[in-house]
Structures are given as C-alpha cells and as structure tokens.
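A.B. asks: My questions are about this predicted structure, shown below with the sequence.
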Amino acid sequence: MTAVSHLQEAAECAAELQQTFGNTQLKWVLFFCSAQLDVEALATELECLMPDKTIIGCTSAGELSPAGYCQRSVTAVAFPEAAFHIETALIEHLDQFDFTKAQQQVSHMLERCQLKQKAPLKGHTFLLTLLDGMSDHEEVVLNILNAVLGSTPMLGGSAGDDLDFSHTQVVYQGKSYQNAAVLMLVNTACPFMVFSQKHVEDTDELFVATKVDSEHRRVYELNAQPAAEVYANAIGVALDQLTPTVFARHTLSVRIAGESFVRAVQSANDDGSLSFYCAVERGIVLRRNQHLDIPQALDLLLSRIDERLGEQQLILGFDCIFRQLELRTLNKLSRVSDRLSYHPVVGFNTYGEHVNGIHLNATFTGVAIGLGQKKSAEL
C-alpha cells in the first residue's frame, strides 16, 4: 500500500499517513521525505502514531509517487505481514564500519528472517540500503555488505537534501541520523526484479585525474590542469556557469572491469577543483558521456518489467537527482512523470544509487515487485 502527503507540518503529515496505514495489517513502513520538512519531528510523530510498525526512511532531493514526480512531499509504502517478512537494522558511524561488523549484522538479520520467511531465502530475498548521502563512505559500506551477502541482490539510494549538500539524514524508528545507514532485508514469495538503467554512453573524449583528494571525492587537476577549467572548456561553458543543471547534462564515466559507470560532478569549488558524488582516485580515466533520451529508455525498462512480472504491486525507485534536473532543462519532466504514473512507483531522487555493492550516478535503479508466487529475476 502506498501513500503521499503534501502537508508541511510534521504532525499533520504524519496523521495523514497514519490514516492510510494505521488500522491495517501492515507491519513495515518505508518513507522518503523532502528535506524542506522537519524529518526528525516527522519521524517522532510517525513513531507515536504507529508504535506497532517498524518505520524507516530518509531525506530526499525530490520524491517519486504513484502520481509521478513530487516536490516538498512525503511518499511512503507499507508492507503487509501476509506477503512479506522484513528485518531492519541501523548502522551508525559509517566511517568505522568493517567486514567483521557487516558479517555480524547480516548474519543476525538472515537468521531472524529465516525463522519467519515467506519463501526460501535464496532467490526470494533482497537487501534495501539507505545511506547518508553526504557521508563520503558509500563505496566502502556497499562493497563490504555485498561481499557478506553473496548472491543476495542489494539495491537502494543515498539520501538527499534538495541540492543543499549540507544535511542528509536517514530515519530509524523515530529518530534521524547522519553518518549512518538503514537496512531492510526483504523476504517474499512474490516475484521481484532488481533493475538499474542508465541513459548515457561513453565517448572517446578522455580526461585523466592527475591530482585528487580521494577521501573527499575532490579532483584538483584533470590532464595536469585545473579540473574545473578543463571540464568547462570541454563542454563549452564559462566557469561561472558550472551549476548542478550543467553537471546533469554533461556527466563523466569511468570503466571498471570493462563496464562503464557514471562519475557525476557535484560542484565546482572556488579553488578550481571539482567535487564528485562517487569515488574518484588519482590516475583514473574519465570519459565524457553522450546522453540518450530518458523517456524512451524508461519506456523500454517499464515494458521489460511488464513482460517479466505482469501486473506489479510496487516499484521501489531510486532516481538520480541529475535525471530530474536534465528532464527539467529539456522540458521532458512531465512526460516521464506521466509514464511513471501508470505504474505503482514510490521512491526518491538520490545523491547516488546502489546496486550489488556499487555506488552509481545518473541511473534509475530499483526493484519491481509483482503479484503471485513466481520465481524472482534480476535485470
């Protein structure tokens, strides 16, 4: 069951969501909240109104609902005990997270899940990850979790804050946290499909990161020249025109094991450097991208989901904020929003998407959940 609220007061918003979810056999609530709302107050109100439910969520850079794209709203989905069993966990201090802690946490979640499983864990379980989008630790945490999970698919998104880049938060049982992650281990007999779609292709225009602060994802030099200047010259704009909208239209990629992954620019800094959303290292080769048509690519994805699953009860979607910015610039946002409204989509615009241990940019990543009890698949 899904819900959306556009009310701006935390108590009123929580009450509206409670009217939808409160008096039902729904056990777990997942929500995505505009950073313009008081997420701490909202989390507290939801916990007070629905003490019998496990509630997790995060702040966003825009929301996805069954009506399409939203702003300054809260979108939510609740899962029934009849079809799902879900184990949740909070990870604090992401900078201290290691393989041993991951083993202990995941093993504990799997053991508890097995006791109440709706179907055998293998092939019928996925892990949802929500991380603080300003923590700079997504890659390490996701890689560790993926190593521990083995063949269990993993997906999710990094919390946003409407492009303020100052205060992203995750929520766990009535409290909000920074430098933290929340996990949902979902077991179900319903068929599901994990997907991740990008709308860019590599070109042969290359840049080498020659001076880098990898800890803070900052590149000072490309091709041994000031990074922001090199980038601006390559895309044909002045330095003072480097904005999030421009970055959204002109992404870069890195190849890992023969596969291309977007490394999107977050900001141009006063010292001439570029800050990135994802990990960057000295010596990496960045390729300028060619952007494809997002509506057309989305149509292909939704058609494949329809063919694979038939009718869906839910599509949890994690959509890069750059896709929204690009769509706005091209006056195509309403077209994509209309397409999404024909499907039961709930999600948010992220500061990075997660799939199977990889931190991505410029993708639409998620999981579609169908009806019935067919074997799950992965796209």
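C.D. replies: Everything's here; your move.
A.B. asks: switch to C-alpha atoms for all contacts and neighbour counts from now on
C.D. replies: Will do.
A.B. asks: give me every residue that touches Arg218.
C.D. replies: 212, 273-276, 280 (CA atoms under 8 Å, 6 or more residues apart in numbering).
A.B. asks: What confidence value was assigned to the closest residue to it other than its chain neighbours?
C.D. replies: Using CA to CA, 6 or more residues apart in numbering and skipping residues adjacent in sequence, the residue nearest Arg218 is Ser275, 4.4 Å away. pLDDT for Ser275: 95.
A.B. asks: pLDDT weak spots in the chain?
C.D. replies: 373-379 (pLDDT under 70).
A.B. asks: the domain parsing of it - what is it?
C.D. replies: Following automatic domain parsing, the chain resolves into domains at 2-197+296-378, 200-290.
A.B. asks: before we move on, back to that, return the set of residues that bridge with the residue nearest to Arg218.
C.D. replies: Taking DSSP bridges as the rule, Ser275 bridges to Arg218, Ser267.
A.B. asks: quick one on the thing from earlier: could you identify which of the domains of the chain is most buried?
C.D. replies: For the domains of the chain, the largest average neighbour count (mean count of other CA atoms under 10 Å) is found in domain 2-197+296-378, namely a mean of 20.
A.B. asks: which residues of the stretch 201-350 of the chain fall in strands?
C.D. replies: For the stretch 201-350 of the chain, the strands defined by DSSP state E, counting those that start in this stretch cover 218-222, 225-226, 252-256, 259-263, 265-268, 274-276, 285-291, 312-320, 345-350.
A.B. asks: isn't the residue nearest to Arg218 right next to Arg263, touching?
C.D. replies: No. Between Ser275 and Arg263 there is no contact under CA atoms under 8 Å: 10.2 Å.
A.B. asks: Need the residues that contact the helix or strand Leu110 falls within.
C.D. replies: Assessed by DSSP states H and E, Leu110 sits inside helix 99-115. Helix 99-115 is contacted from outside by 85-89, 120-121, 144-145, 148-149, 185, 187, using CA under 8 Å, 6+ apart.
A.B. asks: Please repeat the previous calculation with a cut-off of 10 Å.
C.D. replies: Under the contact criterion CA atoms under 10 Å, 6 or more residues apart in numbering, helix 99-115 has outside partners 85-91, 117, 120-121, 125, 127, 140-141, 143-149, 183-187.
A.B. asks: Quick one: distance of stretch 324-335 to the chain centre.
C.D. replies: Centre-to-centre, stretch 324-335 and its host chain are 19 Å apart (CA atoms, centre = their mean, to the nearest Å).
A.B. asks: And for it, what's in contact with it?
C.D. replies: The list of residues contacting stretch 324-335 from outside it, by CA under 10 Å, 6+ apart, reads 61-62, 68-69, 244-250, 291, 293-295, 321-323, 336-337, 340, 349-350, 362.
A.B. asks: and what of stretch 197-206?
C.D. replies: Residues from elsewhere that reach stretch 197-206 (CA under 10 Å, 6+ apart): 222-223, 234, 250-255, 260-262, 285-298, 300-301, 319-320, 323, 360-366, 379.
A.B. asks: do stretch 13-21 as well
C.D. replies: Counting by CA under 10 Å, 6+ apart, 1-7, 10, 12, 22, 24, 27-29, 31, 37, 41-50, 53, 73-79 sit against stretch 13-21.
A.B. asks: middle-most residue in the chain, spatially?
C.D. replies: Gly157 (1.9 Å; CA atoms, centre = their mean).
A.B. asks: Look up which residues are beta-bridged to it.
C.D. replies: Beta-bridge pairing for Gly157 (DSSP bridges): Leu130, Glu353.
A.B. asks: Is Glu16 located within a strand, as I assumed?
C.D. replies: No. Read with DSSP: H, G, I helix; E, B strand; the rest coil, Glu16 is helix and lies in no strand.
A.B. asks: can you list the strands of the stretch 201-350 of the chain in a markdown table and add distance to Thr329?
C.D. replies: Below are the strands of the stretch 201-350 of the chain laid out as a markdown table (distance: least, CA to CA, whole Å):
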| stretch | distance to Thr329 |
| --- | --- |
| strand 218-222 | 26 |
| strand 225-226 | 27 |
| strand 252-256 | 18 |
| strand 259-263 | 20 |
| strand 265-268 | 17 |
| strand 274-276 | 21 |
| strand 285-291 | 13 |
| strand 312-320 | 15 |
| strand 345-350 | 16 |
